[in-house]
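S.K.: Fold the following for me, if possible:
(chains A and B)
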Number of protein chains: 2
Amino acid sequence: MLGLMQDWPLLCHRILDHAARHHGAREVVTRSVEGPVHRTNYGEIRARALKVAQLLERYGIREGQRVATLAWTTWRHMEVWYGAAGIGAVYHTVNPRLFPDQITYIVNHAEDRLVFADVTFVALLEQLQDKLPCVEGFIILTDRAHMPQTSLRNAQAYEDWLAQADGDFEWAALDERAAAGMCYTSGTTGNPKGVVYTHRSNVLHAMAVNVPDMVGLSSRDRVLPAVPMFHANGWSIPFSAPLAGAALVLPGMKMDGESIYDLLENERVTFTDGVPTVWQMLLAHMGQSGKRLSHLKRIAIGGAALPPAMARTFQIDYGIDVMQAWGMTEMSPIGALCTAKPETAALDGEERVALQEKAGIAPFTVEMKITGDDGQEMPWDGTSRGNLKVRGPAVSSAYFKGAGGDILDPDGFFDTGDVATIDANGYMQISDRSKDIIKSGGEWISSIDIENLAMAHPGIREAAVIGIAHPKWDERPLLIVVPAEDRAPGKTEILEFLAGRIAKWWMPDDVVFVEEIPHTATGKIHKTVLRQQFAGYSLAP
Amino acid sequence: MLGLMQDWPLLCHRILDHAARHHGAREVVTRSVEGPVHRTNYGEIRARALKVAQLLERYGIREGQRVATLAWTTWRHMEVWYGAAGIGAVYHTVNPRLFPDQITYIVNHAEDRLVFADVTFVALLEQLQDKLPCVEGFIILTDRAHMPQTSLRNAQAYEDWLAQADGDFEWAALDERAAAGMCYTSGTTGNPKGVVYTHRSNVLHAMAVNVPDMVGLSSRDRVLPAVPMFHANGWSIPFSAPLAGAALVLPGMKMDGESIYDLLENERVTFTDGVPTVWQMLLAHMGQSGKRLSHLKRIAIGGAALPPAMARTFQIDYGIDVMQAWGMTEMSPIGALCTAKPETAALDGEERVALQEKAGIAPFTVEMKITGDDGQEMPWDGTSRGNLKVRGPAVSSAYFKGAGGDILDPDGFFDTGDVATIDANGYMQISDRSKDIIKSGGEWISSIDIENLAMAHPGIREAAVIGIAHPKWDERPLLIVVPAEDRAPGKTEILEFLAGRIAKWWMPDDVVFVEEIPHTATGKIHKTVLRQQFAGYSLAP
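M.R.: Next up, the predicted model:
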């Protein structure tokens, strides 16, 4: 027997409708790509998103068809997301930092009919456009005054384009399982694969992360997403902030320490999120200038492991609550956030900093399990390491066009590719990527744990650990180090620093010094390349 | 094009699974109906709910069939909810305070096959059982030691019944639109009508109200629902608390001031909710004993208008955040909560108390509009009064077996039967029930506004206002007063008290004194009965 509740599909535009109706005057502030700070609000963004929808439909974009964005985090980019999804089309965020060949592959694979791009990407697109036959035209996210001369076909300034619509338009009536957005994962091997978000997954994810034990935004928050919108659904902030009626402060393209600091402070930001690289730049700026943040209360840090020193500085020196965040493009993206439970709420000082080495607890709607290589579930005891698998309504069931084949286990769980422990309180901690973990004599050694310890040495700027084939133990760890500019420690000093801090059998068999460690387009250590570089390296038996 | 996210239906038992997995040891404390305080946790409740599910299925309860509960707010009652819903059956809460004839009607109309009842309702059910042919048996929510002698057919003690299962059972795979729960509205006219909740509506409602600007529970909260589970889905606390991993403190049957105080204080409760009557008793106890509450931070008050004096006492005298709550059985039930927005966050003292005269702001997933009698939408200006209509995934689309016919307007909105204003910030304020509003010379007079003002007079214990037919103005207000025991003001004193506080044309045409004002089973003023009592009353022209 079906119940008797209303049929009210979970559609992205209902979030914007709610924001415009209940928080219509709430500010959306952007450091525009053109330069000046721009101010608008949810009421105006909704009105303009309706124009985007009206124009896309008039142009002939049909349900399920993709439009690409190569764009920074701005109000116009948000309008394109909501406008496209609002007629059942799909916003496809393209990461402009990818290699040109990858961008070409992605746009063609997605069959994007239109590209919305910031002025900063016009030159790149001019180089690529001949290889992008599916793209019928380019809309440049600027006004006529800032529109560059361009050879891009059917190029228009966004504001001119928008002026052709009156906005007298209604959102489409859609199935909540309809595709809404798309983002390709930047895998370290093979071609990128397309994750396809649904209206339902975006809305449920935004609701699930807005509870107090997760991101928990309120209408009194002012939120600066330092995560670009082209990274993993912008960590859902373009949905969770308007759902809460929180004000938005969008950084545009300027992610340097001073620019971010100025926005955080001048715009009275209370919550922000982003990758460690951005916060490294912010902390450097604050350290040099002696400035402090008087409004910021909470900061979520994810996308790469959170260095303990960073957690310590924010938490203890600046009094800002730090939360490690963990997620994946395939998870919409938030899978865990390290917030306090009753069991951990009393932790203070260094103990609290130490808690932030964990990825955190899963929100309702994210089911987790860890399994051995035999697929058997492992206990939540804080020490058993297993392959981390997840299930939920905002987790991928497949990639676009079936790339990668069947990606779920027999129980419907998606393998994250991470190795993790989960403790009795449900705090998950990433040990390693499953392909990076070092299997030594049947036991697992976490490359990330050793890297984090090594990074705590003041003479080490960056550290990476890979497994090297070993005749007796199968694999043994090799520590690769970029020394600090002002101080280069020797091999012995580093090994002595590690001794006592890690188990004896985890000690690297060797330390090598390099000038640079390779990174992926999203800023992670590129271990595949590292392994190629050290393919010929052999350890003393 | 459908997106590529997992099919993960929103099912009630997923909430309990989450609580057991992530907050398994979190306490659920009950003042048991038998007397002593009982302690369990989400892990145990899940294990026992699985036994309920196993036994119901073994007995032959099929998907969509109803089982009734006549029960106080206890851990066993929660187990029955989750156990029944977990096989696709329907928990049907019967309000034991209804008239016996209404209970008979409801149980037969719902065709309840089994009844789960507390020992306190055995005598009542013995009287009724011959009129309840659909009920095949009664399970008494107690253990063998407390099982009363009873003539109820196929009666068993719950704990004995539960002992027959091993709990080796899996929840059913269900459509999220499947019926999960049922609650009849206690209408003031006609037969009660059945509201049928779905798994989806219960889960979405619990997620929607758990954001910071609504109920916003966290795992660090300890929650005492002073709303019985047989009232309007227990205001969703049996879903929203485990979803958050909050500890529960359940009051059982004892709602007197001392009993509630003792639980709030001894069990370190941080959040509670309930109707004004309960808080009146609590405040009386605290006033007499001089006790204070050292843990309680927030209290949601709804089900009837919040008296300003009560808001003032909690907020100013005791430093406890007060939130007016508004909802309906048909809304799962929360429709609005009066929390702070940036526009109101700075209010303090009396201004903050005054804000709590408003029902509050709607959560995401609740759409509101106010319309005139012509159906045209009215502006959100804080003064335009209109019929309040709502739409959303946890709002009724129809009543059980089609009772009441088509209940939605052409746009799919449900008419709440309330007349309300909504201000520019989205704060909704109930003016009156639409059938109680007094239409005088084409203008609307709110009976509730006059009642609230009159109640502020120290010599008035309770006040009710009804419209009396008037030859010139169609209707004019009559004020009906129960004087305070120690001080009975005269008619002139009361009218002078009101003068200047309300518009001249709102002034009651007369004041009458009575010993008692009739109430409905849920504690609201029974205006239908009042109008009958004063049917022969005529005003001087």
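
S.K.: Going by C-alpha atoms from here, please, whenever you check contacts or count neighbours.
M.R.: Noted.

S.K.: ok, the closest residue to residue A:258 other than its chain neighbours - how many residues close by?
M.R.: The shortest distance from residue A:258 to any non-neighbouring residue, by C-alpha to C-alpha, 6 or more residues apart in numbering or on different chains, is to residue A:285 (6.0 Å). For residue A:285, the count of nearby residues is 18 (other C-alpha atoms under 10 Å in any protein chain shown).

S.K.: any idea where the helices of the stretch 51-200 of chain A begin and end?
M.R.: Secondary structure of the stretch 51-200 of chain A (DSSP state H, counting those that start in this stretch): helices located at A:75-85, A:100-110, A:122-128, A:158-162, A:199-209.

S.K.: which stretch among the ones you listed comes nearest residue B:122?
M.R.: Taking C-alpha to C-alpha, helix A:199-209 is the member of these nearest to residue B:122, at 41.7 Å.

S.K.: nearest residue to residue A:215 other than its sequence neighbours?
M.R.: Spatial nearest neighbour of residue A:215, excluding adjacent residues (C-alpha to C-alpha, 6+ apart): residue A:209 at 5.4 Å.

S.K.: isn't that neighbour right next to residue A:363, touching?
M.R.: Yes - checked against C-alpha atoms under 8 Å, the pair residue A:209 and residue A:363 is within contact range at 6.6 Å.

S.K.: Settle it for me: which of these two has more neighbours?
M.R.: Taking neighbours as other C-alpha under 10 Å, residue A:209 and residue A:363 compare with residue A:209 leading, 26 against 23.

S.K.: Now do the contacts for the residue nearest to residue A:258.
M.R.: A:257-258, A:261 (C-alpha atoms under 8 Å, 6 or more residues apart in numbering or on different chains).

S.K.: now do 10 Å
M.R.: Going by C-alpha atoms under 10 Å, 6 or more residues apart in numbering or on different chains, residue A:285 touches A:256-261, A:279, A:291.

S.K.: Okay, and it sits in which element?
M.R.: helix A:276-289 (DSSP states H and E).

S.K.: What residues sit buried inside that helix?
M.R.: A:276, A:278-279, A:281-283, A:285-286 (16 or more other C-alpha atoms under 10 Å in any protein chain shown).

S.K.: What of stretch A:364-381?
M.R.: By neighbour count with 16+ other C-alpha under 10 Å, stretch A:364-381 contains the buried residues A:364-371, A:378-380.

S.K.: Can you check what pLDDT the model gives the residue nearest to residue A:215?
M.R.: For residue A:209, the pLDDT comes out at 98.

S.K.: surely it meets residue A:325?
M.R.: No - look at residue A:209 against residue A:325 with C-alpha atoms under 10 Å: they stay out of range, at 11.3 Å.

S.K.: Residues in contact with both of the two, list them for me.
M.R.: Shared contacts of residue A:209 and residue A:325 (C-alpha under 10 Å, 6+ apart): A:215, A:334-337.

S.K.: quick one on the thing from earlier: separate out the buried members of the contacts of residue A:285.
M.R.: A:256-258, A:260-261, A:279.

S.K.: Please list the residues of the stretch 201-350 of chain A that sit near chain B.
M.R.: A:201-202, A:204, A:207-221, A:242-247, A:330-332, A:340-345 (C-alpha under 10 Å from any C-alpha of the partner chain).

S.K.: Filter those residues down to the ones in strands?
M.R.: Mapping those onto strands (DSSP state E) picks out residue A:247.

S.K.: shouldn't residue A:170 be in contact with residue A:52?
M.R.: No - between residue A:170 and residue A:52 there is no contact under C-alpha under 10 Å: 11.4 Å.

S.K.: what's the overlap in contacts for these two?
M.R.: Residues touching both residue A:170 and residue A:52 by C-alpha under 10 Å, 6+ apart: A:86-87.

S.K.: Those two: who's more crowded?
M.R.: Shown here are residue A:170 and residue A:52; by other C-alpha under 10 Å, residue A:52 has more neighbours (29 against 12).

S.K.: List the residues that contact the nearest residue to that one once chain neighbours are set aside.
M.R.: Sequence neighbours aside, residue A:83 is the residue nearest to residue A:52 in space, at 4.9 Å (criterion: C-alpha to C-alpha, 6+ apart). Applying C-alpha under 10 Å, 6+ apart to residue A:83 gives the contacts A:12-13, A:45-57, A:77, A:89-91, A:171.

S.K.: Identify the contacts common to residue A:209 and residue A:363.
M.R.: Here residue A:209 and residue A:363 have A:215, A:334-337 as joint contacts, going by C-alpha under 10 Å, 6+ apart.

S.K.: closest to chain B among those?
M.R.: Nearest to chain B out of the shared contacts of residue A:209 and residue A:363 is residue A:215 (C-alpha to the nearest C-alpha; 9.8 Å).

S.K.: How confident is the prediction for the closest one, by pLDDT?
M.R.: 97.

S.K.: how near is it to residue B:387?
M.R.: Residue A:215 sits 36 Å away from residue B:387, going by C-alpha to C-alpha, to the nearest Å.

S.K.: what about residue A:33, neighbour count?
M.R.: Neighbours around residue A:33, by other C-alpha under 10 Å: 21.

S.K.: now it, what's its secondary structure?
M.R.: Three-state call for residue A:33 (DSSP: H, G, I helix; E, B strand; the rest coil): coil.

S.K.: That one reaches residue A:119, doesn't it?
M.R.: Yes - using C-alpha under 10 Å, residue A:33 is in contact with residue A:119, at 7.8 Å.

S.K.: Need the residues touching each of these two.
M.R.: A:71, A:141-142.

S.K.: which one among those gets closest to chain B?
M.R.: Checking the shared contacts of residue A:33 and residue A:119 against chain B with C-alpha to the nearest C-alpha, the nearest one is residue A:71 at 22.7 Å.

S.K.: quick one: which of the residues of the stretch 201-350 of chain A next to chain B sit in helices?
M.R.: Members of those lying in helices (criterion: DSSP state H): A:201-202, A:204, A:207-209, A:242-244.

S.K.: For those, work out which two are farthest apart.
M.R.: A:201 and A:244 (17.0 Å).

S.K.: More neighbours: which of those two?
M.R.: residue A:201 (32 against 27).

S.K.: before we move on, back to that, turn the helices of the stretch 51-200 of chain A into JSON lines, including distance to residue B:320.
M.R.: Below are these laid out as JSON lines (distance: least, C-alpha to C-alpha, whole Å):
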{"stretch": "helix A:75-85", "distance to residue B:320": "39"}
{"stretch": "helix A:100-110", "distance to residue B:320": "55"}
{"stretch": "helix A:122-128", "distance to residue B:320": "57"}
{"stretch": "helix A:158-162", "distance to residue B:320": "50"}
{"stretch": "helix A:199-209", "distance to residue B:320": "27"}
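
S.K.: Select only the buried ones of the shared contacts of residue A:33 and residue A:119 in PyMOL?
M.R.: PyMOL command restricting the shared contacts of residue A:33 and residue A:119 to the buried ones, with burial defined by 16+ other C-alpha under 10 Å:
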select buried, chain A and resi 71+141+142
